[in-house]
Structure formats: structure tokens, C-alpha cells
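>>> Build me a model from this:
(2 chains)
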Amino acid sequence: MTTPDLSDNGERAQSPAAPPASAGFAALSVLIVDDHSIFRSGLRAELDDDINVLGEAATVDAAILQVIALQPRVVLLDVHLPGGRGGGGAEVIREAAPLAARTLFLALSVSDAADDVVNVIRAGARGYITKSASGAEVSDAARRVAEGDAVFSPRLAGFVLDAFGAVAGETAETTEELDRLSARETEVMRLIARGYSYKEVSSTLFIAVKTVETHVSSVLRKLQLSSRHELTAWALERKLL
Amino acid sequence: MARPRLRLVGGVCAGFAEHTGIPLPAVRLVTVLLSLCGGFGVLLYIWLWATVPSAERQVVADPLPKLSLARSGVASFLAAPGTTGPTSPAAPTSRADAASARAAPVTEILLGLALLAAGSALVASRLGADIPLAVVVPAIVVLAGTALAWHQFADIRSGAAQQSSALVARILAALLLVAVGILLFFVTGTNPNAWTVILAAASVLLGVAVVTAPWLLRLWSDLADERTARAREAERADIAAHLHDSVLQTLALIQQKAGPHSDAARLARAQERELREWLFTGTRGGSGEPATDLGAALRRIAGEIEEDFAVHFEVVTVGAGVGSGVNPNDAEAPEALVAAAREAMLNAARHAGGAVSVYLETGARGVELSITDRGPGFLLDQIPADRLGVRESILGRMRRAGGNAAVRPGPGGTGTEILLTVPAAATVPSPGTTSTDQHHSETSVQ
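Prediction:
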């Protein structure tokens, strides 16, 4: 695997923030990108009925073509993919996202390694879940991504806390600050890392679910745009796992 | 065949003796006798010295756990012959011992020879003998130069950290000494002509080559060693990549298909964890080192419990330096924390099952560990006094360790959340440490 070119990350990493109103409860179109046919067919069978699988792709090149041709709402994207220039899922996002404005990416991975996750998130994925999640969980995550939310697994929340030095007590003073989390964002991340759902976070912190979603989205934005050196290092130091 | 680190000159005799099982003194005697036969022994010795690898480097060269067979082979190979020689019994001892013991006295011998030559020349000239100074002085210079060069190379090879510029300067000085010495032989000789000059130049080149030869050889073999090590690492990475792509995916799929409570999922999860551990410890280079940090301990406990119960722990650890480093003065705190955490996780597995979150945060405030399940929840007050699980194993243990434990209902009122905290300075219960809701403390409403 080669080091992906991250120089233009800043511009392209921005995902379309506001989803069109049509993407509500109508059939959600997804594309499954994974190099294992067993996994693809397994996931396809497990997904909820209201999710319409437009197609499947097994390699980086096929995935890029499919995304551009089919314009799915959500791409369920494996982090590790063969083909292309060896950039895996992150490469698919970088290449395909500019040509598929409505498409959002949800990363699926068996890996827990921080650099993998951070890399694909920084490329523009709107969420990250592990492959051991059930079909219902994946469906739910896809739906939430389609509605404009960010999907954080507890582990990703843990990475975020580490990466932004939140545990060491670094907090942002202003909302414009990209390199640190605000106190509230830290609280939200901490609860998500504990396995709380958004609803449980909202009831624990006495805030609306919508506010929780706003915080998570803003954390995602910081994760994608921040130039904190831990994040950059993770993204650059792309190793095997 | 390998040369042991514990050696008199080059370790050739000792290595040969170990390899063949012939007693070391006999090997040495034969070598000396052969040397007397027109220097054949010396040539053989030098040849073996250059070609036979050093024992220690051979051992160090294989970092892979899967090659432990080969490594133990080398070790037993070193240990087995147990020959009568003065050096061999200590061969498998620790590297530090061997390194200090192996320091060959070549430098001292050469310097001693130089001094001896100088001294006897002085004495002889005092006694009125006709000393060929033209031969003696260059000889002394050559000996001193060789000794100095040898000293440097020995340093390089033993890996002694040195400033490279100083090292280079000293090596150059040594070479200069050798060159000047050899030149002196010819320049101060009688009636110089063109042939002596050519001979002198050739001799200088030869001298320098001889002096630097061991170093260059070492450099070359080091390079070869490194190349093999890298090839091995690449091979390992290949295997890891393959495992990652195929086996881990399959295991994930099995878990997904089988549902969280089935045996198949449990087995798949256990296998996945093992494989992941192998992949991670392998690529991180920390092979063989027992995981002592808190996060690893929790993951291990989670793995053990998952094997026995239909439960899945999602262990998330946050914060740098997770481990005993938080409480350097109080080694007991992490231990108590781990024990209490195990009890809490067991409770969750036994009474709740399903997905259980374990969250560990290590920060400036101390260690905070929460175990959250989605089970039926329980009331501490309703537990009979003789049931010591929660009261003793968790609450009491944490209190004695200077920490705190709280049992409260989980998020949204479902399940149970057990919160274990150890403040940064366990002896001083700082006021701001556990702002995380002790107000629910120790009772649960369900």
C-alpha cells in the first residue's frame, strides 16, 4: 500500500452538508463496495427492506465507476480495497465524491486501527462502523448518514477523544477552532465512547437529540478539516493495519 | 557453525570446537601448530574469522516468534556441547556478560608489543649493540597504528555509541600511522630507487586494506543481515495482509450472520481477537512482551469472559500512557482496579449479557472506568448481605485502593452502569476529580 496523496484533502474532504429533503423515508439507494463476495451478498441479504441496493463493487476502480454511474445516496464502503493506486476506500471517496454530489459514504471495516479510520474519515466518509455490526445496525447507520448525521462507533469516539487531546483537558474556546473539541463536544464524545446511543446521550446531558447530532457533525467536520498533527500523522503513517 | 561472543581473539577456535565437539584446547593447539607450518594456521584462522558469523548476531537476526524453534535450536546448539574450554560454558549467558567478556586483548597485545620493541631497542642501544633503528622505529609506529585501528573497529562492532566524527578522525589517525610506518621502512632504507618507492606505495595500500578489512567485511555482512531481516518482515506483512483481508472478514461475517448470542459468534469472536492480537503485536514489534497496561488487561479479561458467557464487550480506551504509570507510587491501584473491573464485567455478563460497553479513560484527573450493560438492572439494597460480589469485590476493593466505585442505572434508565474511579494521586482525594455524578451513588432505581 502506498501513502495516499493528502495534499488536497482540505477542499475535497467537505461532504455535502445539507441533504436534499427527498431523502427521507423513501427507499434508500445504496451501493455495497467490498472485495469479498460473501460479505457483499451477506450484507445485501441482511439489509432492511426499505434499502434498495443499486449494485456492488469489489475494487477501487469498479467502485469509482459505479458510484459515478449509479449516483447512490449512500455507499457502504470497505476501508481495505484492492486496485486503484492502493489507497483503498479513501481513494474511492477522493476520486468519486467530486463527481457524485449527492452521494455520502459510510465506512465499514474489520480494522480498529486508528490510522485506517481517521484516513477514511478525513477523505470524507460520514461515519464508520465495524463489520461485525448486524444488518439492522448497518441499515440504521446508512439511514442516519442519508439524513445528514454522522455515525460514530464507540471506538471512533475514543479515537477522536485521543486525537484531539480532549482527555488531557484541551478544550476549544471558540466554535471556529478546528484543532480542539469544545467542552460539550467532549462530553458527547465521551458518552458515545461509552456505548450510549444519541438518544441516551441527549437524556443524560439534558439536551435535544438534534443538538447531539449537531455536536457530532461538528466533531466530524473538525476531524476532517483539522490540521492537528496527531491526525495528520495518523493519516500519513498508513501502515498495514 | 558460529563464533561465540565470548572469545579470546576471534572466537574461531571456540566456534569450531563447539561445532565439531572436539575439545577446545586441542583445536587451539592444532591451530598453533598449523600456524608454525608456514603460517597456514593463521591463514585458515583469518579465513574462518571473516566467513563465520558471530553467534549473537545470528540470534538477534530473527525477530519472529514463529522462528522461536530456530532460535532455541541455536541456543541449544550453543549450550549443548558444553566443552572443556574455558570460554564455552559461558556461551549462552546474557549478552551483557558476553559483551564485556569478549573484549579481545588485541589492542593491548599490539600496544604491548610496540612498547616492548621500543624498550628492548633502548636497552640494546644502551648496551652498545648496533640497533637497526631504520627497522625498529617504523615497526613500532605500525604496531601502534594497528592497535589504534583495531580498538576503533572493536568499538564499532560492539555497537558502542560514539560520535561519528571523532571516530572517523581516530580511524584516519590510525591509518595514517600505519601508512607512515610502512613508508618509513622504505624511505629510511639504504639507497632508495624507483622500485622501493613503488613497493612502498603498494605496501601502504596493502597495509590499509589489511587494517580496514575486518571493518569492511563486518559492514558487508551487517548489510546482508539487514537485508534478510527486511525480507522476512516483508513476508510477514504479506501474510498479515492476507489474513486481514480474508480470515478477519470471514470471522466478521460469521459473527454478523450468527447473531450475538450463538456459540458460533462467540468462537468467531475469540478467533478474531487472537488473530488480531497476533497481527498487532507482530507489526508493532513488541513481540513476546506481556501486555501490562490497563487497556490490554481489560481486553484480555473481556476475551476470557466472552468465552464463557453470551456477551460481547466493546472495550474503548482513551488517554495516553494507560497503565500503572498513572499511579507510579501506588502499584496496587491498577491491580485493584483490574480486579474490580473483572468482577463488574463478570456481573454484567452473568446478569445482563448482550452488548456491554467498557470505557476506560486515563487523564490528568486519574483513571475512570465505566462498565455499562443493557440488562435488567439491579438494586444494591436488595442484594442479600451475604452476597459479596458487588459489595466486597467491587466497592470495598476500590475503596481500599483509594479509589471509588458507584453503581447506578444505565443510560436512559435501562441496565446498569458501574463506574470505577481512581484519582491521579490516590492518597489525596482531590475535590474536582470525580465530577462524574456521584450523586446517584450506590443505589439504583429501576
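>>> Could I get the full set of helices for chain A?
Secondary structure of chain A (DSSP state H): helices located at A:9-12, A:37-46, A:60-70, A:88-96, A:114-123, A:135-146, A:154-163, A:183-193, A:198-205, A:209-225, A:229-236.
>>> which strands and helices sit next to the second one?
Using 3 or more Cβ pairs under 8 Å, 6 or more residues apart in numbering or on different chains; DSSP states H and E as the contact test, the elements touching helix A:37-46 are strand A:28-33, strand A:51-57, helix A:135-146, helix B:249-258. (Glycine included, C-beta is placed from N, CA and C.)
>>> do that again at 6 Å, thanks
For helix A:37-46, the packing partners by 3 or more Cβ pairs under 6 Å, 6 or more residues apart in numbering or on different chains; DSSP states H and E come out as helix B:249-258.
>>> same thing with the fifth one?
Taking 3+ Cβ pairs under 6 Å, 6+ apart as contact, the helices and strands that helix A:114-123 lies on are helix A:88-96, helix A:229-236.
>>> Just want the phi and psi numbers for B:Ala121.
Main-chain dihedrals, B:Ala121, degrees, to the nearest 10: phi -60, psi -40.
>>> Using CSV, please lay out the helices of chain A together with mean neighbour count and mean pLDDT.
Below are the helices of chain A laid out as CSV (neighbours: other Cβ atoms under 10 Å in any protein chain shown; pLDDT from 0 to 100):
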stretch, mean neighbour count, mean pLDDT
helix A:9-12, 14, 39
helix A:37-46, 16, 83
helix A:60-70, 20, 89
helix A:88-96, 26, 85
helix A:114-123, 25, 78
helix A:135-146, 20, 87
helix A:154-163, 24, 82
helix A:183-193, 23, 88
helix A:198-205, 19, 86
helix A:209-225, 20, 86
helix A:229-236, 17, 60
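>>> Can I get the ones you listed in JSON lines including distance to B:Phe16?
Formatted as JSON lines, these follow (distance: least, Cβ to Cβ, whole Å):
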{"stretch": "helix A:9-12", "distance to B:Phe16": "61"}
{"stretch": "helix A:37-46", "distance to B:Phe16": "58"}
{"stretch": "helix A:60-70", "distance to B:Phe16": "57"}
{"stretch": "helix A:88-96", "distance to B:Phe16": "53"}
{"stretch": "helix A:114-123", "distance to B:Phe16": "50"}
{"stretch": "helix A:135-146", "distance to B:Phe16": "66"}
{"stretch": "helix A:154-163", "distance to B:Phe16": "56"}
{"stretch": "helix A:183-193", "distance to B:Phe16": "62"}
{"stretch": "helix A:198-205", "distance to B:Phe16": "72"}
{"stretch": "helix A:209-225", "distance to B:Phe16": "63"}
{"stretch": "helix A:229-236", "distance to B:Phe16": "51"}
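>>> Which pLDDT value goes with the residue minimising distance to the centre of chain A?
In chain A, the residue lying closest to the centroid (Cα atoms, centre = their mean) is A:Gly127, at 2.3 Å. pLDDT, A:Gly127: 86.
>>> who touches it in this structure?
Contacts for A:Gly127 (Cβ atoms under 6 Å, 6 or more residues apart in numbering or on different chains) come out as A:Leu106, A:Val145, A:Ala150, A:Val151.
>>> Then B:Ala258?
If you count contacts by Cβ under 6 Å, 6+ apart, B:Ala258 has them with B:Ala264, B:Ala265.
>>> so the residue nearest to the centre of chain A bridges to which residues?
Taking DSSP bridges as the rule, A:Gly127 bridges to A:Leu106, A:Val151.
>>> Return the residues of chain B in contact with chain A.
Taking Cβ under 6 Å from any Cβ of the partner chain as the contact definition, chain B meets chain A at B:237, B:240-241, B:248-249, B:252-253, B:255-256, B:314, B:316, B:318-319, B:357, B:359, B:361, B:363-364, B:370, B:372, B:411-412.
>>> Please list only the buried members of those.
Buried subset of the residues of chain B next to chain A (neighbour count, 16 or more other Cβ atoms under 10 Å in any protein chain shown): B:237, B:240, B:248-249, B:252-253, B:255-256, B:314, B:316, B:318-319, B:357, B:359, B:361, B:363, B:370, B:372, B:411.
>>> ok, the residue in chain A positioned nearest to chain B to B:Thr372 distance?
Nearest residue of chain A to chain B (Cβ to the nearest Cβ) works out as A:Gly195 at 2.8 Å. Distance of A:Gly195 to B:Thr372, computed by Cβ to Cβ, to the nearest Å: 6 Å.
>>> helix/strand/coil for the closest residue to the residue of chain A closest to chain B other than its chain neighbours?
Closest residue to A:Gly195 apart from its sequence neighbours, by Cβ to Cβ, 6 or more residues apart in numbering or on different chains: B:Ser357 at 2.8 Å. Assigned by DSSP: H, G, I helix; E, B strand; the rest coil, the conformation of B:Ser357 is strand.
>>> Contacts made by the helix or strand where B:Ala339 lies with the rest, please.
Using DSSP states H and E, B:Ala339 sits within helix B:332-351. Residues external to helix B:332-351 that are found in contact with it (Cβ under 6 Å, 6+ apart): B:294, B:297, B:301, B:305, B:309, B:311, B:324, B:327, B:356, B:369, B:371, B:373, B:375, B:393-394, B:397-398, B:401, B:418, B:420, B:422, B:426.
>>> cool, and stretch A:90-101?
For stretch A:90-101, the external contacting residues (Cβ under 6 Å, 6+ apart) are A:4, A:12, A:60, A:63-64, A:67-68, A:71, A:84, A:105, A:119-120, A:123-124.
>>> can you pull the contacts of the closest residue to A:His36 other than its chain neighbours?
Closest residue to A:His36 apart from its sequence neighbours, by Cβ to Cβ, 6+ apart: B:Gln249 at 5.0 Å. B:Gln249 is in contact with A:His36, A:Phe39, A:Val110, counting by Cβ under 6 Å, 6+ apart.
>>> And the residue nearest to A:Gly195, what's its pLDDT?
86.
>>> And for A:Val74, the neighbour number?
Neighbours of A:Val74 under the rule other Cβ atoms under 10 Å in any protein chain shown: 25.
>>> give me every residue that touches it.
Applying Cβ under 6 Å, 6+ apart to A:Val74 gives the contacts A:Val30, A:Leu104, A:Leu106, A:Ala142, A:Val145, A:Ala146.
>>> Look up how far A:Ser218 lies from it.
Distance from A:Val74 to A:Ser218, counting by Cβ to Cβ: 21 Å.
>>> excluding its backbone neighbours, what's nearest the residue of the stretch 101-250 of chain B found nearest chain A?
Going by Cβ to the nearest Cβ, chain A is nearest to B:Leu248 of the stretch 101-250 of chain B, at 4.5 Å. Spatial nearest neighbour of B:Leu248, chain neighbours left out: A:Val110 (4.5 Å); criterion: Cβ to Cβ, 6+ apart.
>>> Let me know whether the one you found touches B:Ser246 as I believe.
No: A:Val110 is beyond contact range of B:Ser246, at 10.5 Å (criterion: Cβ atoms under 6 Å).
>>> Those two - which one has more neighbours?
A:Val110 (24 against 12).
>>> what's near enough to touch that one?
Contact analysis of A:Val110 by Cβ under 6 Å, 6+ apart lists A:Lys131, B:Leu248, B:Gln249, B:Ala252.
>>> In CSV: the contacts of B:Gln249, plus distance to B:Ala344.
Conversion of the contacts of B:Gln249 to CSV gives the following (distance: Cβ to Cβ, whole Å):
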residue, distance to B:Ala344
A:His36, 37
A:Phe39, 35
A:Val110, 28
